[in-house]
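Undergrad: what follows is a predicted protein model with its sequence.
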Amino acid sequence: MSCTRYEREASLLAAGDLPPAETARFERHLVGCSECRERVDALRDVRAALAGLRQAPVSTEVYASIRSAVWERLD
């Protein structure tokens, strides 16, 4: 991607953290910039995938096994 001017805005927009005035300005840019649209879409996909990972709790047994393996490596 060669459009690097709006990398910060793309990340903030994908996270829903871009202030309204900046959102409006950046959305006008998105109309003509397929690279930034693709970047925002990709970032949103990553955020959705990561959010899905938080939904799957780790069982007590798995956690204990991981903890034990870490302690073994530390010793």
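TA: Looks like it came in fine.

Undergrad: for Ser59, see how far away Ser68 is.
TA: Using Cβ to Cβ, to the nearest Å, Ser68 is found at 14 Å from Ser59. For every residue, glycine as well, the C-beta is placed using N, CA and C.

Undergrad: quick one: the residue most central in space within the chain from Val40, how far?
TA: Centroid check for the chain by Cα atoms, centre = their mean gives Arg47 as the closest residue, at 3.6 Å. From Arg47 across to Val40, the span is 11 Å (Cβ to Cβ).

Undergrad: which neighbours do those two have in common?
TA: Taking Cβ atoms under 8 Å, 6 or more residues apart in numbering as the contact rule, Arg47 and Val40 both touch Ala14.

Undergrad: so what's Met66 up against?
TA: Careful, residue 66 is Ile and not Met. Contacts of Ile66 by Cβ under 8 Å, 6+ apart are Val58.

Undergrad: would you mark the buried spots in the helix or strand where it lies?
TA: For Ile66, the element it lies in under DSSP states H and E is helix 60-74. Buried residues in helix 60-74, counted by 16 or more other Cβ atoms under 10 Å: none are found.

Undergrad: helix, strand, or coil at Arg5?
TA: coil (DSSP: H, G, I helix; E, B strand; the rest coil).

Undergrad: count the neighbours of it for me.
TA: Neighbourhood size, Arg5 [other Cβ atoms under 10 Å]: 11.

Undergrad: quick check: Glu35 vs Ala49, distance?
TA: 21 Å.

Undergrad: ok, those two, which is more surrounded?
TA: Comparing Glu35 with Ala49 by neighbour count (other Cβ under 10 Å), the higher total belongs to Glu35, at 14 against 9.

Undergrad: return the distance of the more buried one relative to His29.
TA: Glu35 is 10 Å from His29, by Cβ to Cβ.
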